[in-house]
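A.B. asks: Got a predicted structure plus its sequence, pasted below:
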Amino acid sequence: MSEDSNNASGEFEREPVPESARLGNGKFWGMYAGEHAAGTEFMIGPLFLAAGASLSDLLLGLLLGNILAVLTWRFLVVPIAMVKRLTLYYQLERIAGVSLVKLYNLVNGLLFCFLAGAMVTVSASAVGVPFDIRFEVPENVFGLSNPSFTLLVVIVGAVITAVAAGGYERVARFANIAAPWMIAVFACCGIVSLAQMGATSTTALSEGTFWSDAITFVQEKNGPATFSFWQIVVFAWLCNGAMHFGMSDLTIFRFARHKSSGWAPAIGMFLGHYMAWIAAALLLAALIKLQPSLVVGDDGKVTANPGLLAYQAVGWTGIICVVIAGWTTANPTIYRAGLAFQGMVPNSSRTAMTLVAGLVATIAGAFPNLSAQLLDFVGMYGTILGTMGAVIFVDFYLIHKLGLRAEYAADTGIRINAAVLVAWTLPVAVALYWIMAKGLFAAYAVIPCWFACGILYLVLSKFLQRPGVQQPTV
């Protein structure tokens, strides 16, 4: 794709975003509200309850973790985004080399597609409620649900992909319209659930028996589990590790006109990853108390059907909210995945690659068990993708201080920067071993991997960079 065609697209995939295309704060507040007070919340909230998290740990742990997440976006991502004005993918290409970034983009795009696929599943679960189409979760991770539900996934995935293919402006506009209403519905879900359980008095809230009773019920069906205060903190902070520590949201904030746009994730964290997570967990607690048979599947285990949970609390409004909530998460996620795939095939159009991403996400959405693994999945994808952000951080702030060259691949024309390859894959390989073989909580690995990657990249660059004169960079 030529530079002129990039200008015409308005997406500036391989050049800095010019002054004329930069956006005001409202676009970012609306997008983050829509993305993070959205479909994942209907899945993650009940998973905290099912994992055995106490109510007090959840309230305090989410508060601390979300504060840390907002600070990371504002002070780690935004300064680099507003200087470079490049997508994550093109910036990495200039540092790591074309061939290495194609591998990274493939992994990045696929993981984003799996996340978007979970949101397609969430939306389809709501669409199926009025048609009495069951949300069945097979035991096999890659097992299909019933044919009717799979058809719903295809339809919902097609609609979401069409919106994402329209570009960032359309994604932001969709989120701006939907976000305020969705946030109000989430709040109503929590309030109604408390009322249904008779937990509206100060005494009932402080005792929290409605919460502990629900945990007991779930663990009698699904087996014992615990989820500690620090697990909650780290999960809340790093469940979006790929977007802030991993610098994926350079792609979003490159459009920012003001640094204050960097506070926009706060609305998503505190109305989405705080209020909405807790409200969604209360939906499951209320249904367990009122109609426990509705949450127990044919296998005798508790299954959280997002559409059904919301419908039992606020009726049709809940169904509509779950559908739109899934869309507002999947839209920017598919948009990011499309840019990742385009980074693999630079001459392709962003629209075409977004359609490919949407297809992959829809296929992933047809496997409902993937959405039931979100607590583990987001930690894993933060570890794999978040680690590479250290390379960008070091290249931007530290590489010159050792007399080395920034954007080394662009400067020399090499296709694989060996320093980046080793610095990324070695820590991630060690972390994946501990996660899969030793049972390490996946989110715990994000920050150790990030620091290890940054240090390795700096040290290896000192030994591997060839002498030469730095060429002008973008």
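C.D. replies: Nice, thanks for sending it over. Numbers count the residues shown, from 1 in each chain.

A.B. asks: low-scoring pLDDT stretches of the stretch 251-400 of the chain, where are they?
C.D. replies: In the prediction, the stretch 251-400 of the chain carries no residues with pLDDT under 70.

A.B. asks: pull the longest helix from the chain.
C.D. replies: Criterion DSSP state H: the longest helix present in the chain is helix 98-128.

A.B. asks: Quick one: mean pLDDT for that one?
C.D. replies: The average pLDDT within helix 98-128 is 86.

A.B. asks: which residues touch Asn146?
C.D. replies: Ile133, Arg134, Glu136 (Cβ atoms under 8 Å, 6 or more residues apart in numbering). Heads up, the C-betas are built off the backbone N, CA and C, glycines and all.

A.B. asks: repeat for Ile95
C.D. replies: Ile95 touches Val391, Ile392, Asp395, Ala406, Glu407, Tyr408, Ala409, Ala410, Asn417, Val420, counting by Cβ under 8 Å, 6+ apart.

A.B. asks: One more: Thr161?
C.D. replies: Ile334, Thr354, Leu355, Ala357, Gly358, Leu359, Ala361, Thr362.

A.B. asks: rewinding a little: export the contacts of Ile95 as a markdown table, with columns for secondary structure, distance to Val154 and neighbour count.
C.D. replies: Listed next are the contacts of Ile95 as a markdown table, based on DSSP: H, G, I helix; E, B strand; the rest coil; distance: Cβ to Cβ, whole Å; neighbours: other Cβ atoms under 10 Å:
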| residue | secondary structure | distance to Val154 | neighbour count |
| --- | --- | --- | --- |
| Val391 | helix | 38 | 28 |
| Ile392 | helix | 37 | 24 |
| Asp395 | helix | 42 | 27 |
| Ala406 | coil | 45 | 18 |
| Glu407 | coil | 42 | 23 |
| Tyr408 | helix | 44 | 25 |
| Ala409 | helix | 40 | 22 |
| Ala410 | helix | 41 | 21 |
| Asn417 | coil | 40 | 28 |
| Val420 | helix | 38 | 28 |
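
A.B. asks: Which of the residues you listed sits closest to Gly128?
C.D. replies: Ile392 (41.6 Å; Cβ to Cβ).

A.B. asks: Leu250 is in contact with that closest one, correct?
C.D. replies: Yes - with contacts counted by Cβ atoms under 8 Å, Ile392 reaches Leu250, the gap being 7.4 Å.

A.B. asks: quick one: common contacting residues for the two?
C.D. replies: In contact with both Ile392 and Leu250: Ile80, Leu88, Gln91, using Cβ under 8 Å, 6+ apart.

A.B. asks: and the last one, what element?
C.D. replies: The secondary structure element spanning Gln91 is helix 88-96 (assigned by DSSP states H and E).

A.B. asks: Now do Leu194, the pLDDT please.
C.D. replies: Looking at Leu194, its pLDDT is 90.

A.B. asks: Please work out which residues outside the helix or strand harbouring Ile278 touch it.
C.D. replies: Here Ile278, judged by DSSP H and E, is contained in helix 277-290. Residues outside helix 277-290 that contact it (Cβ under 8 Å, 6+ apart): 41-46, 48-50, 58-59, 62, 186-187, 189-190, 192-194, 196-197, 210-211, 213-214, 217-218, 294-295, 302, 304, 306, 308-310, 312-313.

A.B. asks: can you tell me which of those residues are in helices?
C.D. replies: 41-46, 48-50, 58-59, 62, 186-187, 189-190, 192-194, 196, 210-211, 213-214, 217-218, 306, 308-310, 312-313.

A.B. asks: could you pull out the helices for the stretch 151-300 of the chain?
C.D. replies: Here the stretch 151-300 of the chain has its helices, by DSSP state H, counting those that start in this stretch, at 168-196, 202-207, 209-222, 229-238, 250-253, 265-270, 277-290.

A.B. asks: between the ones you listed, which gets nearest to Ser349?
C.D. replies: Nearest of the helices of the stretch 151-300 of the chain (Cβ to Cβ): helix 168-196, 14.7 Å.

A.B. asks: Buried only: go through the contacts of helix 277-290 for me.
C.D. replies: 41-46, 48-50, 58, 62, 186, 189-190, 192-194, 196-197, 210-211, 214, 217-218, 295, 302, 304, 306, 308-310, 312-313 (16 or more other Cβ atoms under 10 Å).

A.B. asks: List the residues that contact the residue nearest to Pro265 when sequence neighbours are not counted.
C.D. replies: In this structure, Pro265 finds its nearest non-sequential neighbour in Trp73, 4.5 Å apart by Cβ to Cβ, 6 or more residues apart in numbering. For Trp73, the contacting residues are Met243, His244, Asp249, Gly262, Pro265, by Cβ under 8 Å, 6+ apart.

A.B. asks: Distance check, the residue sitting nearest the centre point of the chain against Tyr32.
C.D. replies: When Cα atoms, centre = their mean is applied to the chain, the residue found nearest the centroid is Asn240 (5.2 Å). Between Asn240 and Tyr32 the computed distance is 10 Å (Cβ to Cβ, to the nearest Å).

A.B. asks: any shared contact partners between the two?
C.D. replies: By Cβ under 8 Å, 6+ apart, no residue touches both Asn240 and Tyr32.

A.B. asks: Touching, Ile133 and Ser145? I think so.
C.D. replies: No - if you go by Cβ under 8 Å, Ile133 and Ser145 don't touch, sitting 9.1 Å apart.

A.B. asks: between those two, who's got more neighbours?
C.D. replies: Ser145 (23 against 20; other Cβ atoms under 10 Å).

A.B. asks: re earlier: please identify the deepest-packed of the helices of the stretch 151-300 of the chain.
C.D. replies: Mean neighbour counts were compared across the helices of the stretch 151-300 of the chain using mean count of other Cβ atoms under 10 Å; the top stretch is helix 250-253, at a mean of 26.

A.B. asks: got the contact list for Trp434?
C.D. replies: Leu440, Ala445.

A.B. asks: before we move on, which element is it in?
C.D. replies: helix 418-438.

A.B. asks: For that helix, list every residue counted as buried.
C.D. replies: For helix 418-438, burial by neighbour count (16+ other Cβ under 10 Å) applies to 419-428, 431-432, 434-435.

A.B. asks: Give the full set of residues in contact with Gln291.
C.D. replies: Gln312.

A.B. asks: Ramachandran coordinates for it?
C.D. replies: For Gln291, the backbone dihedrals (degrees, to the nearest 10) come out as phi -140, psi 70.
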